[in-house]
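dropping a prediction and its sequence here:
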Amino acid sequence: KIKESNMIRHRLLLLLIGSMLINSSDSFGFCIVKKKAKLIQKQVLKNKIAKKKAKLIQKQVLKTKIAGAVLGGAAVGTIAAGTLAAAAIFLQQQQQGNEFTIYQPPLNSLNDQTIVITGGSSGLGLESAKRLALAGANIILTARTDAKGQAAAEAVRAYVESKNEIPPSIIYKVLNLDDFESIRQVDWSDVPMIDVLLNNAGIMALPKRELTGDGYERQMQSNHLGHFLLTALLAEKMTTRARIINVSSSAHEGGRTGLKFDYSGKRYGPWMAYSQSKLANIYFTRELQRRIDAIPGLEWKTLTLHPGVISNTNLGRSVSGNTNTEENISTEKKEESNIFSNVTASFGFKTVPQGASTQVWLASGVDVVGGKYYDNCQEKPLAPFCLDIEDGKRLWKDSEEIVGQTFNLESIVAVSSLMKEEEDSEEEDSE
């Protein structure tokens, strides 16, 4: 708006100068210039008003701290507070700009790599699977049911084929992060090595407090505890330069007083619980990287990110009580959803392909620093309350006790060393 106002002022000045140069007898030409000058003056006034309104919106955003409540992959069609959502759009536009890139790794750049993606049956997980498979990675996606897993795997294959490429290996595993025993029962014997674990699955802002069968608040278990257990169980399969990517959200900013370590959600609030689970993702990422860095020879990188304000995913279905699954949503509803996605994208929200870009970028092996937080394919600094090492240690210890699984990195080093020897031996044989 400021740039636009400056341009208009320059135009106004030129027109006023022009009016002075017009022959006084040419009253018709002078009147035209005068009218144009008045119109431009009105436009300048409108821009000043718009600028003031924008500042008021920014102040309101800061006062209500809505960035922590609304941003983070919210399915904005389900958010009732329209004015807050509008303010969130404005804030993100000011901070990040109106255009978001769609990152696609080069063809064949991920050949022979194996990538596990949780929550791969829809939204950001499915989109990530498509783009990483197109780059040549073997994909293992997880879904809550066989039907969803099979449909997702077929969708990924179809996507790769639509680009005139041959699909790599694409399989699925049925995984329920709300059930620790179910996580342990998943058979991974057919997966010898894992290069990337993308902990993407999540739920958001359940209207009422829900406890899992294990007795923990559902958002905390689905978004953090379940992924902690899965990561610990798969750790021995990870290659020497593996990456663990935890999808967090800018909603973690709602936890400015730190992690409450309230795993059962006794003092429950939908957004507070979501914020706490996303803050736990960041603490887990940082603590895991701290432990990795303390062990010579372990070259893993663990990363976390904010995908953005997404116009159409299943993440926010619980905000309005809409728990429809992909299978029972009518064709009309899907069409409406697609239209909504296109419209909101024009107002600054990210589409699903745009929202998946940062995690696809991180999974593709780009040169980044472990233990950091990323947004729009670039590192973003974390607030001091996210950097508490003691809280990270406590979360790790609590998580081990809750899930009943020791996450022992020292033992992983020995396994990783053996795997590296096998890899080197295979390379020598191929030569």
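Yep, that arrived. Computed from a prediction, not measured in an experiment: that's the story for all the values here.

for Ile170, which residues are in contact?
Ile170 is in contact with 129, 133, 138-139, 141, 153, 156-157, counting by C-beta atoms under 8 Å, 6 or more residues apart in numbering. In this view, the C-beta of every residue, glycine as well, is placed from N, C-alpha and C.

what's the average pLDDT for the top strand by length along the chain?
Using DSSP state E to define each element, the chain has its longest strand at strand 238-247. Mean pLDDT, computed over strand 238-247, is 96.

next step: the contacts of Ile170 restricted to helices.
129, 133, 153, 156-157 (DSSP state H).

got the phi/psi numbers for the residue lying closest to Gly297 once chain neighbours are set aside?
Excluding its sequence neighbours, the residue lying closest to Gly297 (C-beta to C-beta, 6 or more residues apart in numbering) is Val413, at 5.9 Å. With angles defined as degrees, to the nearest 10, Val413 sits at phi -60, psi -40.

for Glu217, same thing?
According to degrees, to the nearest 10, Glu217 has phi -60, psi 130.

what is the neighbour count of it?
Using other C-beta atoms under 10 Å, Glu217 is surrounded by 23 other residues.

beta-bridge partners for it, please?
Leu211 (DSSP bridges).

that one touches Phe261, doesn't it?
No - Glu217 is beyond contact range of Phe261, at 11.6 Å (criterion: C-beta atoms under 8 Å).

check the gap between the residue nearest to Gly297 and Leu225 for me.
25 Å (C-beta to C-beta, to the nearest Å).

more neighbours, these two?
Remark: of Val413 and Leu225, Leu225 carries more neighbours, 26 against 16, as counted by other C-beta under 10 Å.

isn't the more buried one right next to Ser399, touching?
Yes - if you go by C-beta under 8 Å, Leu225 and Ser399 touch, sitting 6.2 Å apart.

packing partners for the longest strand of the chain?
The contact analysis (3 or more C-beta pairs under 8 Å, 6 or more residues apart in numbering; DSSP states H and E) places strand 238-247 against strand 194-199, helix 270-293, strand 301-306, helix 357-363, helix 409-430.

of all those, which one is nearest Pro384?
helix 270-293 (12.4 Å; C-beta to C-beta).

which of the ones in helices among the contacts of Ile170 has the most neighbours?
Neighbour max across the ones in helices among the contacts of Ile170 (other C-beta under 10 Å) = Ala129, 30 neighbours.

let me see the contact set for it.
117, 120, 139, 141, 152, 156, 170.

Leu233: which of those is nearest?
Using C-beta to C-beta, those come closest to Leu233 at Ile117, 16.0 Å.

count the residues that sit near that closest one.
31.

next one: Gln150
Around Gln150 there are 14 residues (other C-beta under 10 Å).

A helix includes it, no?
Yes - Gln150: assigned to a helix according to DSSP: H, G, I helix; E, B strand; the rest coil.

pLDDT score assigned to it?
At Gln150, pLDDT is 98.

before we move on, what about the one 4 residues further on?
Looking at Glu154, its pLDDT reads 98.

again with Leu71
pLDDT, Leu71: 42.

cool, and Gly265?
Gly265 is given a pLDDT of 94.

tell me the secondary structure at it.
With three-state DSSP as the criterion, Gly265 reads coil.

next, count neighbours for Leu45.
Leu45: 11 neighbours (other C-beta under 10 Å).

where's it, which helix or strand?
helix 27-64 (DSSP states H and E).

so the nearest residue to Asp179 once chain neighbours are set aside: helix, strand or coil?
Spatial nearest neighbour of Asp179, excluding adjacent residues (C-beta to C-beta, 6+ apart): Gly213 at 5.8 Å. Gly213 carries the three-state label coil when classified by three-state DSSP.

ok, Gly213 to Glu181 distance?
On the measure of C-beta to C-beta, Gly213 and Glu181 end up 9 Å apart.

one more: Gly265?
21 Å.

and the contacts of the longest strand of the chain?
73, 124, 193-200, 202, 227, 231, 281-282, 284-285, 288, 297-305, 307, 359, 362-363, 365, 412, 416, 419-420, 423.

in contact with Ile389, which residues?
Neighbours of Ile389 in contact, by C-beta under 8 Å, 6+ apart: 286-287, 290.

also Trp300?
238, 241-244, 292, 370.

please tabulate the residues you listed in CSV, including the columns distance to Lys380 and neighbour count.
Listed next are the contacts of Trp300 as CSV, based on distance: C-beta to C-beta, whole Å; neighbours: other C-beta atoms under 10 Å:
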residue, distance to Lys380, neighbour count
Met238, 26, 24
Arg241, 24, 14
Ala242, 23, 24
Arg243, 18, 22
Ile244, 19, 26
Ile292, 21, 20
Gly370, 15, 18
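
ok, so of these, who is nearest Gly254?
Using C-beta to C-beta, these come closest to Gly254 at Ile244, 24.1 Å.

list the beta-bridge partners for the closest one.
Leu197, Thr302.

distance of it from Asp179?
21 Å.

what strand or helix carries the residue nearest to Leu305 when sequence neighbours are not counted?
Nearest non-adjacent residue to Leu305, counting by C-beta to C-beta, 6+ apart: Tyr374, 4.4 Å away. Following DSSP H and E, one finds Tyr374 within strand 373-375.

quick one: list the elements packing against that strand.
Using 3+ C-beta pairs under 8 Å, 6+ apart: strand 373-375 touches strand 301-306, helix 357-363.

nearest to Pro106, out of these?
Closest among the helices and strands packed on strand 373-375, once you apply C-beta to C-beta, is helix 357-363, at 12.1 Å.

other residues contacting the closest one?
100-105, 115, 124, 127-128, 131-132, 137, 196, 198, 200, 243, 245, 247, 303, 305-308, 368, 374-377.

need the buried ones from those selected in ChimeraX.
ChimeraX command restricting these to the buried ones, with burial defined by 16 or more other C-beta atoms under 10 Å:
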select :100,103,104,105,115,124,127,128,131,132,137,196,198,200,243,245,247,303,305,306,307,308,368,374,375,376,377
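
pull out the buried positions in stretch 361-371.
361-365, 368, 370-371.

then stretch 202-209?
In stretch 202-209, counting by 16+ other C-beta under 10 Å, buried: 202-206, 209.

cool, stretch 384-403 as well?
385-386, 391-392, 395-396, 398-400, 402-403.

kindly report the same for stretch 111-127.
113-127.

next: stretch 287-298.
Buried residues in stretch 287-298 (16+ other C-beta under 10 Å): 287-292, 298.

contacts for it?
Counting by C-beta under 8 Å, 6+ apart, 231, 240, 244, 300-302, 370-371, 389, 392-393, 395-396, 409-410, 412-413, 416-417 sit against stretch 287-298.

how near is Asn108 to Ile194?
Distance from Asn108 to Ile194, by C-beta to C-beta: 20 Å.
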